[in-house]
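Colleague: sequence unknown, structure follows:
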């Protein structure tokens, strides 16, 4: 009996092993697929970011600094011109303010004289009419608005608020925070992979440019430059020959009749 029980117990133990391994393989496969998808989505963004950063640095060197110097020069010139104008305006405004203050003092004197009589009437109206009306309105506001609002807040809104706060705290702790951390880690990994790919692409483009540029420079220096100089010298020589031939033809066509006409006149 003891031998049978000992033989049956080890058989039931390894049955829990394969599902855990299968779960681990599935999780790693899903994580790998998610990382690949995130890299594919983030790589264009990283390439665009690197391009924008390079363009921004170029604009800062070639456009922002000259424009800033020009604006600073213009600002200093405007400051030199506008400072005397501003001082003059301050003086004018000071004189105007003094005049307005003087007029205000006179108006205050008149108003205080008139307000003495009006104040007595206003105090009587406040004591005999507005004070009783105010007390009645305060009583109505207390028992018709304040007391129901306090009861509604204490017995309805406060329990609802506590329940919503607990629900949101549990949702954040058990759902949103883990998902956010997973997405953040995936995005960080994808961003680093995309940066490596972008730098590799940049180095490849630079290498291709250097590889293609060196034969082109060599061809230009060794072959095209001598050919260009030879063509330029030959064109200059052909131009001189053509100009000389044209001058000879013009001399033959136009100067010979003149010389013949002069000889006939001498013979006569």
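Modeller: Cool, got the structure. Note that the coordinates shown come from a computational prediction; the quantities given were computed from them, not determined experimentally.
Colleague: check which helix or strand covers residue 235.
Modeller: Counting by DSSP states H and E, the secondary-structure element that holds residue 235 is helix 225-250.
Colleague: typed the wrong thing, it's residue 72
Modeller: Secondary structure assignment for residue 72, by DSSP H and E: helix 65-125.
Colleague: Which other helices and strands does that helix contact?
Modeller: Other elements packing on helix 65-125 under the criterion 3 or more Cβ pairs under 8 Å, 6 or more residues apart in numbering; DSSP states H and E are absent; no helix or strand qualifies. Every residue, glycine included, has its C-beta placed from N, CA and C.
Colleague: Where in the protein is the helix or strand with the lowest mean pLDDT?
Modeller: Of all the helices and strands that make up the chain, helix 2-12 has the lowest average by mean pLDDT, DSSP states H and E, namely a mean of 41.
Colleague: gap between residue 63 and residue 78?
Modeller: According to Cβ to Cβ, to the nearest Å, residue 63 stands 22 Å off from residue 78.
Colleague: correction: residue 120
Modeller: Note on residue 120: its distance to residue 78, by Cβ to Cβ, is 58 Å.
Colleague: so the helix or strand containing residue 188 versus helix 225-250, what angle?
Modeller: Secondary structure from DSSP H and E places residue 188 in helix 177-219. An angle of 50 degrees separates the directions of helix 177-219 and helix 225-250 when computed by axes from the mean of the first three to the mean of the last three Cα atoms, to 10 degrees.
Colleague: Let the chain start at 35 from now.
Modeller: Sure, I'll start numbering at 35, so the last one becomes helix 211-253.
Colleague: quick one: average pLDDT of helix 211-253?
Modeller: Summarised as a single mean, pLDDT over helix 211-253 is 83.
Colleague: Please compute how far it lies from its chain's middle.
Modeller: A distance of 22 Å separates the centroid of the chain from that of helix 211-253, by Cα atoms, centre = their mean, to the nearest Å.
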